[in-house]
Every structure is written in C-alpha cells, then in structure tokens.
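In: structure of the sequence below:
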Amino acid sequence: FIVFSGSNLICQTSIKDAIKKFEEKYSKPEQPMVAVEAEKVELYGMMPPILKMDATLSTLKACKHLALSSNNIEKITGLKGCERLEILSLGRNQIKKLDGLNFDFFCYFEIHVDCRQVWKMLRRLSKSFGSVTTSWVP
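Out: Numbers count the residues shown, from 1 in each chain. Here you go, the predicted structure:
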C-alpha cells in the first residue's frame with residue numbers, strides 16, 4: 001500500500017493486509033488460521049511498517065493479546081470492538097497519542113512500550129485520568 005504525502009512517497013502495510021499476512025504465516029494445510037478467532041494476533045515488524053491503526057482491528061473480537069510492536073504507529077485507534085483485549089504490545093513505535101483506549105472494558109490491561117515512551121505516556125494518562133498506578137516488571 002503506497003501513500004503520497006505532499007511530494008513524499010510513503011509505503012505502509014494496512015491493518016487489513018497485516019491481518020492477511022498473519023493468517024498466511026500461521027495457517028497450516030490441515031488448520032487455516034482465522035485472525036478473528038485467534039486469542040493472540042501478531043502484527044509486529046511488518047514490512048513495510050504499519051503507520052495507522054484503524055477500525056479493521058475491531059473485527060478481532062476473540063483477541064486477548066494484540067502485538068503491534070516494531071511498526072511506525074503514532075496514534076492508538078480502532079480498538080473499540082476489542083472487548084477481550086488484555087495485552088496491547090506497542091513497543092518500538094512512534095506513539096504520540098493515547099486516544100482510542102477505553103479502559104472501561106478492562107479489569108487487567110497491559111500496554112507494552114519502550115521505556116523512552118513510558119514517561120510521556122504516563123504524564124498524558126495522569127492528565128486524562130487523574131492518577132495512574134504502575135508496576136514495573138523486569
């Protein structure tokens with residue numbers, strides 16, 4: 001998928017294409033992989049990278065662990081229908097906004113990010129939610 005931004009040419013993998021690649025990678029002749037039924041969906045390290053999360057992610061109703069690390073995602077969106085989501089891996093991205101996270105669904109929820117991004121994100125969460133409880137796991 002190619003996007004023109006001004007005079008720049010930007011190559012990216014759409015969420016739809018990333019899901020298709022995931023299904024192809026993990027399908028077996030006797031058992032095809034169906035992403036909408038998978039508890040763990042691995043869309044990390046796409047080449048070209050994913051730049052935008054979109055509503056296609058909301059089709060992953062059974063997903064408990066969504067791995068989107070090592071892409072170029074700047075904004076968290078498209079997770080509205082992912083009520084079973086417990087772990088969202090977003091390390092090694094360009095996250096600048098936390099919009100699109102609905103914490104009402106989660107009794108346990110992890111966001112995996114780079115340490116460089118953690119403090120920026122915690123400051124933003126504190127502004128949005130008043131206080132944030134964190135735990136550090138080595």
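In: what about the strands in the protein?
Out: 2-5, 8-11, 40-42, 65-67, 87-89, 110-112 (DSSP state E).
In: pull out the buried positions in stretch 13-21.
Out: Of the residues in stretch 13-21, 13, 14, 15, 17, 18, 19 count as buried by neighbour count, 16 or more other C-beta atoms under 10 Å. The way it works is simple: take the backbone N, C-alpha and C, and place the C-beta from them, glycine included.
In: max pairwise distance over the residues you listed: which two?
Out: Of all pairs drawn from the buried residues of stretch 13-21, the greatest distance, 9.9 Å, lies between 13 and 19 (C-beta to C-beta).
In: pick the one among the buried residues of stretch 13-21 closest to residue 44.
Out: residue 18 (9.3 Å).
In: gap between the closest one and residue 29?
Out: Using C-beta to C-beta, to the nearest Å, residue 18 is found at 22 Å from residue 29.
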